[in-house]
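Asker: One predicted model, sequence on top.
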Amino acid sequence: MSTIIVPGCTVLRRLQRARGLLVLLGLGGIAGALLARHAPGAVIQWGFVAYLVVTIVDVLLRPGFVRPKTPDTIHPHQQFAIPTPLGLSIGTTAAFLGVGGSVMTVPLLRRAGQGMDVATTLANPLTLAISLPAALTFLAADGPGSTSRTALVGSVDVAAALALLLGALPVIIILRRRPPRLPDRVHALSYVLLLIAVTFTTSAAALR
């Protein structure tokens, strides 16, 4: 089955039914950032790895991710696919572990019957709702007192943040002009492979 490219504005209109969820995601982002300031780095690092491993096993073994629900089970006019009360726990976990909101929201959106194009499009603003309040909280925090040459503002590595931004912007511009037409299942499996690569990379770094 080929992926149908859905206009981004059309997809983002669905967030109008998710205002409460966005608020709770933001509050969770603040809570997670505050908790992370007082947690040992090793706990966060290995918690990150553990969460990714659980997510990978879940999306591969439980139905609904690699093969989403058939279109006749999707009700586009029902309430938003992710229940509003989950916003606080999603935001807190994502900000505390640094896993990124999309690692949590994409599987939930998939199990609600959304294609990968819609799930990944919606995951970006949902992640922003978490990361912006969390980032502001980290910026206001005292630095961790590292003696390395890392340039920190609060608890934020500015150089790493700029590198991520500079790496992402060209890709976003290219994909907006020429969106890829990946089969939905290939897109889903690519997402899982990305999670596996991140898990191995993070584990290797933690063992050094």
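Answerer: Arrived safely, thanks for sending. Only a predicted model underlies this, so the values are computations on that prediction, with no experimental measurement involved.
Asker: Would you mind naming the helix or strand containing the residue sitting nearest the centre point of the chain?
Answerer: Centroid-nearest residue in the chain, with CA atoms, centre = their mean: Ser102, separated by 2.0 Å. Using DSSP states H and E, Ser102 sits within helix 101-111.
Asker: Could you point out the helix or strand that follows that helix?
Answerer: Sequence order places helix 116-140 as the next helix or strand after helix 101-111, per DSSP H and E.
Asker: Now do that next one: distance to the chain's middle.
Answerer: Relative to its chain's centre, helix 116-140 lies at 7 Å (CA atoms, centre = their mean, to the nearest Å).
Asker: so what secondary structure elements neighbour it?
Answerer: Secondary-structure packing of helix 116-140 (3 or more CB pairs under 8 Å, 6 or more residues apart in numbering; DSSP states H and E): helix 8-12, helix 19-36, helix 86-97, helix 101-111, strand 156-157, helix 184-207. Just so you know, the C-beta spots here come from the backbone N, C-alpha and C atoms, and that holds for glycine as well.
Asker: go with 10 Å
Answerer: Applying 3 or more CB pairs under 10 Å, 6 or more residues apart in numbering; DSSP states H and E, we find helix 116-140 packed against helix 8-12, helix 19-36, helix 86-97, helix 101-111, strand 152-153, strand 156-157, helix 158-177, helix 184-207.
Asker: nearest to Gly64, of those?
Answerer: Closest approach to Gly64 among those is made by helix 101-111 (3.9 Å; CB to CB).
Asker: Quick check, Leu122 in contact with Ser102.
Answerer: Yes. Assessed by CB atoms under 10 Å, Leu122 is found in contact with Ser102 at 9.2 Å.
Asker: okay, and the common contacts of these two?
Answerer: The contact sets of Leu122 and Ser102 overlap at Leu109 (CB atoms under 10 Å, 6 or more residues apart in numbering).
Asker: got any ranges where the chain has weak pLDDT?
Answerer: Low-confidence segments of the chain (pLDDT under 70): 1-11, 69-79, 142-155.
Asker: go with 90
Answerer: For the chain, applying pLDDT under 90 flags the ranges 1-19, 37-38, 40-42, 62-64, 66-83, 98-102, 110-125, 135-136, 138-184, 202-208.
Asker: Quick check: phi and psi on the residue nearest to Leu108 when sequence neighbours are not counted?
Answerer: Using CB to CB, 6 or more residues apart in numbering and skipping the chain neighbours, the partner closest in space to Leu108 is Ile82 (5.0 Å). Main-chain torsions, Ile82, degrees, to the nearest 10: phi -100, psi 120.
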